[in-house]
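Q: what follows is a predicted protein model with its sequence.
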Amino acid sequence: MTLTQKPDKTEDLIGPLDEVFGFHAFRPNQEEIIRAILTRRDAFAVMPTGGGKSLCYQLPARLLPGTCIVISPLISLMKDQVDAIRDNGIRAEYFNSSLNGLQRSEVLRRFSGGELELLYVAPERFAMDSFLAILKAVPVCFFAIDEAHCISEWGHDFRPDYLSLSLIVEHFPDVPVAAFTATATKRVQRDIIDRLALRNPHTVRASFDRPNLFYEVVPKDDVDRQILSFLHNRRDESGIIYRTTRADVEGTAAYLASQGVKVRPYHAGLDSETRKKNQDAFNRDEINVIVATIAFGMGIDKSNVRFVVHGDLPKNIEGYYQETGRAGRDGEPAHCLLFFGRGDTATIRYFINQMEDEAQRSIASGKLGEMVRYATANVCRRRQLLDYFGETLDADNCGTCDVCTSNTEQADATTEAQIIMSAILRTGQRFGAAHVVDVVTGANTKKIRDLRHNEIKTYGAGKDKDKRFWRGIIDDLLAQKFLIQTEGQYPVLQVTLRGREVLFGREEFYIIRRPETQGHGRSAVTDDYNRELFEQLRSVRTRLAEEQNVPPFVIFSDRTLHELACYFPVTPDEMRCITGVGDMKLQRYNEDFLPPIRAFVESNPQVKSNAAPPPPPRATRQTKSSAGTTYNTTWQMLKEGLDRSQIAERRGLTMGTVSTHIERLILDGRDVELDRQVEPAKRLEIERLFKHLGTDSLREIVEASDGTVEYGEARIVRAAMQTNSDRK
Ligand code: ADP
Ligand code: ZN
């Protein structure tokens with residue numbers, strides 16, 4: 001038979017995706033990367049923030065025998081990451097300097113015992129021979145390198161610690177390596193692949209498009225008040241407000257707090273303890289809003305950030321895109337709002353002019369120009385962003401930016417353009433926007449009097465309109481290249497050849513008018529869920545998060561709560577259809593979430609009958625038990641009468657993995673012959689320990705047994721106890 005390889009390649013991956021994570025479909029590129037890893041090939045993936053990189057290594061870690069080693073730069077994040085995947089029932093630990101000696105040896109013991117599917121480590125470990133020796137003694141299925149751009153000096157976030165990762169391929173020639181990053185130009189991409197010595201990696205560059213993010217730019221006026229008004233309909237949503245200076249961070253935070261917003265500041269001037277405290281409060285939904293400098297963000301893994309507001313102009317599009325990318329990681333709608341004022345450009349230019357290196361200065365200045373164009377051109381924001389990263393937007397109308405969605409109307413502003421251009425030319429093309437506006441509005445400034453600009457023909461020709469209007473005309477003329485602005489410390493306006501065509505009436509000039517209400521709109525989140533129930537479920541989530549000492553989004557994402565408050569599931573089977581509810585989470589949380597939903601439906605019977613039926617999971621019970629899934633193979637062997645060690649040996653899996661299969665089968669209601677897996681006397685002892693200690697934790701049982709009980713046994717007995725109590 002030549003087709004023997006086939007079943008592996010086409011193995012159903014939606015089944016395990018749904019079982020473990022409760023997701024019904026892959027995000028773009030995930031499946032492709034996972035399949036490459038499963039065929040033991042090196043992989044390299046550039047995917048935007050929120051694109052779902054972690055799942056690309058977590059799912060294969062579940063499916064492959066051996067432990068996946070994840071290298072991640074931020075020690076402060078590891079605990080949350082590990083908590084989140086453990087909650088999906090994946091056996092993960094982290095190993096870094098934040099653990100004490102006892103904890104470390106416990107992690108190593110579990111790792112060496114083949115208990116772990118994932119082990120998170122910091123990059124500096126790879127410079128230690130002792131650590132490499134430990135790794136070599138245990139089967140490693142593959143290495144996953146997160147934030148891989150940190151290895152490149154061309155990237156914007158180089159970390160010397162990452163250089164030791166180039167040893168991996170040398171020391172572990174037979175183990176595949178998968179590298180992930182959210183930001184890499186083509187040049188950085190080549191550099192990463194070279195330095196890690198990846199071997200003909202399967203390479204994926206995902207689209208930078210984030211369709212769930214709404215992009216909007218609003219003229220900046222009284223920014224604190226504008227922000228407050230934006231927050232008005234978003235009282236319970238989480239969001240980040242970026243300001244450039246520490247003083248502005250403090251000022252905006254204090255103002256919002258005085259208006260009753262649950263808010264804290266974050267900037268490098270605060271001591272590290274306060275910073276951590278404020279970041280945690282935000283992560284855990286104790287406050288809604290964090291006002292921060294761009295020092296805030298790298299450590300933010302929070303998936304339910306519903307808006308990112310920039311109170312000042314960012315220096316370049318890369319930074320802006322990365323900061324807005326922190327919104328809406330859960331895939332739910334989120335809002336990115338930029339307040340644009342021309343004054344900010346001058347401030348940034350001032351800093352650029354301080355740069356020593358001439359080449360760097362000119363790069364920075366070019367990037368600022370792009371940023372200003374983004375904010376001022378009446379061109380779809382998404383099209384501009386994608387353009388910047390070398391992609392083209394297919395659709396004419398993206399549907400999710402202010403330019404594409406507002407009721408815009410074109411207005412002929414040729415006359416206004418002529419007034420401005422005439423003023424520029426008559427003053428000798430030697431002045432900036434502020435002075436030109438003063439001239440056309442007929443201002444009585446000392447500068448105007450000194451230069452006798454009150455004597456030129458266009459002085460006061462536009463005094464029926466305010467300064468803001470004329471600033472807008474200049475922005476549009478710049479965006480449409482009828483004017484240019486010189487670089488340097490004192491930029492001046494000049495009329496281009498195209499501009500002269502307008503001036504002499506041979507070409508027309510149009511502006512796009514938009515309703516004044518932009519930026520005060522409704523919340524970004526879709527409206528078709530019940531807010532009252534959502535709030536109830538949110539408080540259930542908060543309570544569980546507090547009990548477990550994890551951030552709320554680790555329990556369920558906002559998306560999951562929205563769907564619960566939209567489809568009103570009342571049985572575990574119905575709840576299992578909701579996005580984000582995998583087998584483990586259903587098992588863990590159905591008793592916390594279903595009763596409030598049932599009570600709500602009982603007192604509001606109309607909601608359920610009006611609700612759309614929940615989407616059927618792509619992986620139904622049928623697919624799960626269909627031949628080919630790894631669980632089913634274990635099930636067949638159990639029916640043949642094999643015990644765990646025999647199955648592990650035959651399938652080339654660890655005992656730990658086989659134990660999780662058996663756990664799953666038991667929880668699924670299969671009739672597993674327990675006595676064959678755990679001796680009856682031992683089983684009674686384990687049951688006694690669980691009851692006596694009043695815990696669900698396998699670790700506590702194993703520790704309390706003085707080495708007589710292993711994790712797999714405790715796991716199987718726990719599953720049996722759980723199903724028995726379900727039946728009662
Ligand atoms: P990244 O590391 O690429 O920034 P994450 O791995 O943190 O992104 O994923 C972002 C969010 O998307 C997480 O909340 C994750 O659970 C969710 N997610 C990932 N893959 C899927 C999927 N296939 N379907 C639905 N949600 C997903
Ligand atoms: Zn658009």
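A: Arrived safely, thanks for sending. Ligands and ions are numbered 1, 2, ... in the order given.
Q: am I right that residue 93 is in a strand?
A: Yes: judged by DSSP: H, G, I helix; E, B strand; the rest coil, residue 93 forms part of a strand.
Q: count of neighbours near it?
A: As a burial measure, the neighbour count of residue 93 was computed by other CB atoms under 10 Å and equals 22. In this view, the C-beta of every residue, glycine as well, is placed from N, C-alpha and C.
Q: just the pLDDT for it.
A: For residue 93, the model assigns a pLDDT of 96.
Q: what bridges to it?
A: When bridges are assigned using DSSP bridges, the partners listed for residue 93 are residue 119.
Q: where does the residue nearest to residue 171 when sequence neighbours are not counted fall, secondary structure wise?
A: Spatial nearest neighbour of residue 171, excluding adjacent residues (CB to CB, 6 or more residues apart in numbering): residue 132 at 5.7 Å. In the assignment (DSSP states H and E), residue 132 maps to helix 129-136.
Q: same deal with residue 142?
A: Counting by DSSP H and E, residue 142 is found in strand 140-145.
Q: next SSE after that strand?
A: helix 167-171.
Q: and after that next one, which helix or strand comes next?
A: Remark: after helix 167-171, the chain's next helix or strand is strand 177-181, criterion DSSP H and E.
Q: test my guess that residue 209 contacts residue 382.
A: Yes: counting by CB atoms under 8 Å, residue 209 does reach residue 382; the two are 6.9 Å apart.
Q: so which of the two has more stuff around it?
A: Comparing residue 209 with residue 382 by other CB under 10 Å, the one with more neighbours is residue 382, at 24 against 17.
Q: so what's that one up against?
A: If a contact means CB atoms under 8 Å, 6 or more residues apart in numbering, then residue 382 has 209, 215, 393, 398, 400-401, 404 as its contacts.
Q: rebuild those residues as a markdown table, extending it with secondary structure.
A: As requested, the contacts of residue 382 are arranged in a markdown table below (three-state DSSP):
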| residue | secondary structure |
| --- | --- |
| 209 | coil |
| 215 | strand |
| 393 | coil |
| 398 | coil |
| 400 | coil |
| 401 | strand |
| 404 | helix |
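Q: now the residue of the stretch 501-650 of the chain found nearest ligand 1. Nearest residue, chain neighbours left out?
A: As assessed by CB to the nearest ligand atom, ligand 1 sits closest to residue 557 within the stretch 501-650 of the chain, at 5.3 Å. Nearest in space to residue 557, with sequence neighbours left out and distances taken as CB to CB, 6+ apart, is residue 330 at 4.2 Å.
Q: hmm, back to that, show me what contacts the residue nearest to residue 171?
A: Residues in contact with residue 132 (CB under 8 Å, 6+ apart) are 126, 167, 171.
Q: near ligand 1, which residues of this structure?
A: Residues of the chain found near ligand 1 (CB under 6 Å from any ligand atom) are 23, 26-27, 30, 47, 49-55, 303, 329-331, 557.
Q: circling back to that earlier point, overlap in contacts, residue 209 and residue 382.
A: Common neighbours of residue 209 and residue 382, using CB under 8 Å, 6+ apart, are residue 393.
Q: what residues does the stretch 351-500 of the chain put near ligand 2?
A: Residues of the stretch 351-500 of the chain lying close to ligand 2 by CB under 5 Å from the ion are 380, 382, 398, 401, 404.
Q: quick one, helices of the stretch 251-400 of the chain?
A: Secondary structure of the stretch 251-400 of the chain, counting by DSSP state H, counting those that start in this stretch: helices at 272-283, 317-324, 342-354, 358-376, 381-388.
Q: is it possible to get TSV of the ones you listed that adds distance to residue 59 and mean pLDDT?
A: Written out in TSV, the entries for the helices of the stretch 251-400 of the chain read as follows (distance: least, CB to CB, whole Å; pLDDT from 0 to 100):
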stretch	distance to residue 59	mean pLDDT
helix 272-283	25	91
helix 317-324	26	88
helix 342-354	43	84
helix 358-376	36	83
helix 381-388	28	88
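Q: could I get those as TSV with distance to residue 540?
A: What follows is these, written out as TSV (distance: least, CB to CB, whole Å):
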stretch	distance to residue 540
helix 272-283	18
helix 317-324	30
helix 342-354	43
helix 358-376	41
helix 381-388	36
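Q: how much space between the residue in the stretch 151-300 of the chain that ligand 2 sits nearest to and residue 383?
A: Distances between the stretch 151-300 of the chain and ligand 2 by CB to the ion are smallest at residue 215, namely 7.3 Å. Taking CB to CB, to the nearest Å as the criterion, residue 215 is separated from residue 383 by 10 Å.
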